[in-house]
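In: Attaching a predicted model along with its sequence, questions to come.
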Amino acid sequence: MKKRKPEKAYKNLEFLASREARTLRILSEYLEPEKRFHELGVRHTVVFFGSARSGPKKDAHGTDRYYWAAEELAFLLAAFSNQISDRDNGFYICTGGGPGIMEAANRGAKRAKAKTIGLNISLPFEQNPNPYISPELNFEFHYFFMRKLWFLYHAKALVVFPGGFGTLDELFETLTLVQTDKLEKGNLPILLYDRAYWESIVNFKKLADMGYISPEDLKLFHFCDTPGEGFIFLKPRIEKLITRVTHNVLQE
């Protein structure tokens, strides 16, 4: 009687899910997106952050206005990318792949008939991908830090809408990386939507007055209050960065 062959280690799902194989899982979340981005020609992105709870329908706080503003700004940017893509300098709208502001930005890009990226994350309450992500650019991560790497690696601008802990985490981690010159593109545009919201929850000036940040650090970000205003601010800065900085990760 012929004995059944033992399972190869790289096919052993029990092993791959174990503590001992954690390094392999981390590497997979670097190498598989790297391969896919390279094959699909993704070299530049504009990343949208914001609350998963800002939906398209009116609520008591009127946060639906953020949803539709994100949809419109993403549409304007994606349409601009379509115009310049023949120069091999197009960019992709990239989000965390879930509902709320993420859905709105992917939706706006799809309205412009552009491909759009969703970097989702496995969470206990099961954040599902929104329906506007391009299927071939739909990702699912286990590790937050690997997901964050891919948010920023190709980013040529960040747009941050009002949000909670996750949005604040993403904003301040990015500001810290820019402040400490850990990003090659030190002049990465960071746009905060709705000045009144941001200044009501973070006293940026107080941080500078207390000496906890330098006065120059207040120039690391810019406020806007309408999609049109945001587009006018971002357009020349994105165009400049995509001609100067290219992360073609497989050829570095």
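Out: On my side now, so go ahead. What you see is a predicted model, and the numbers here were worked out from it, not measured in a lab. Residues are numbered from 1 along each chain as shown.

In: Grab the most central residue of this protein for me.
Out: V47 (3.6 Å; CA atoms, centre = their mean).

In: quick one: the strands in the stretch 1-150 of the chain?
Out: 45-49, 92-95, 116-121, 138-141 (DSSP state E, counting those that start in this stretch).

In: got the buried residues for the second one?
Out: Spelled out, that is strand 92-95. Y92, I93, C94, T95 (16 or more other CB atoms under 10 Å). Glycine gets a C-beta too; all of them are placed from N, C-alpha and C.

In: What is the burial count for the residue nearest to H154 when sequence neighbours are not counted?
Out: Excluding its sequence neighbours, the residue lying closest to H154 (CB to CB, 6 or more residues apart in numbering) is T45, at 4.5 Å. By the criterion of other CB atoms under 10 Å, T45 has 27 neighbours.

In: show me the contacts for T45.
Out: Contacts for T45 were tallied using CB atoms under 8 Å, 6 or more residues apart in numbering; they are F91, Y92, I93, C94, I117, H154, A155, K156.

In: Would you check that the residue nearest to the centre of the chain makes contact with W150?
Out: No. V47 is beyond contact range of W150, at 9.6 Å (criterion: CB atoms under 8 Å).

In: now do the same end-to-end measure for stretch 185-198.
Out: 24 Å (CA to CA, to the nearest Å).

In: Please apply the same query to stretch 35-54.
Out: Its start and end residues considered, stretch 35-54 measures 33 Å (CA to CA).

In: buried ones in it?
Out: For stretch 35-54, the neighbour count (16+ other CB under 10 Å) marks 37, 42-54 as buried.

In: Next: stretch 132-143.
Out: Y132, I133, S134, L137, N138, F139, F141, Y143.

In: what's in contact with that stretch?
Out: With CB under 8 Å, 6+ apart, stretch 132-143 has contacts from 25-26, 29, 33, 36, 40, 42, 92, 95, 97, 103, 106-107, 109-110, 115-122, 129, 147, 150.

In: And the pLDDT at G166?
Out: With respect to pLDDT, G166 scores 94.

In: ok now do it, which residues does it touch?
Out: F49, A52, G96 are the contacts of G166 under CB under 8 Å, 6+ apart.

In: which stretches of the chain aren't confidently modelled?
Out: For the chain, applying pLDDT under 70 flags the ranges 1, 86-88, 126, 186, 246-252.

In: At which residues are the helices of it located?
Out: 13-16, 22-40, 64-84, 101-111, 144-153, 165-179, 195-201, 204-209, 227-244 (DSSP state H).

In: which of these sits most buried?
Out: Using mean count of other CB atoms under 10 Å, the stretch among those with the largest mean neighbour count is helix 101-111, at a mean of 27.

In: So which residues make contact with that one?
Out: 48-52, 54, 56, 66-68, 70-78, 92-93, 95-97, 115-116, 118, 130, 132-134, 159, 161, 163.

In: can you rerun that using 7 Å?
Out: 48, 50-52, 54, 66-67, 70-75, 78, 93, 95-96, 116, 118, 130, 132-133, 161, 163 (CB atoms under 7 Å, 6 or more residues apart in numbering).

In: If anything else comes up later, I'll come back, but that's it for now.
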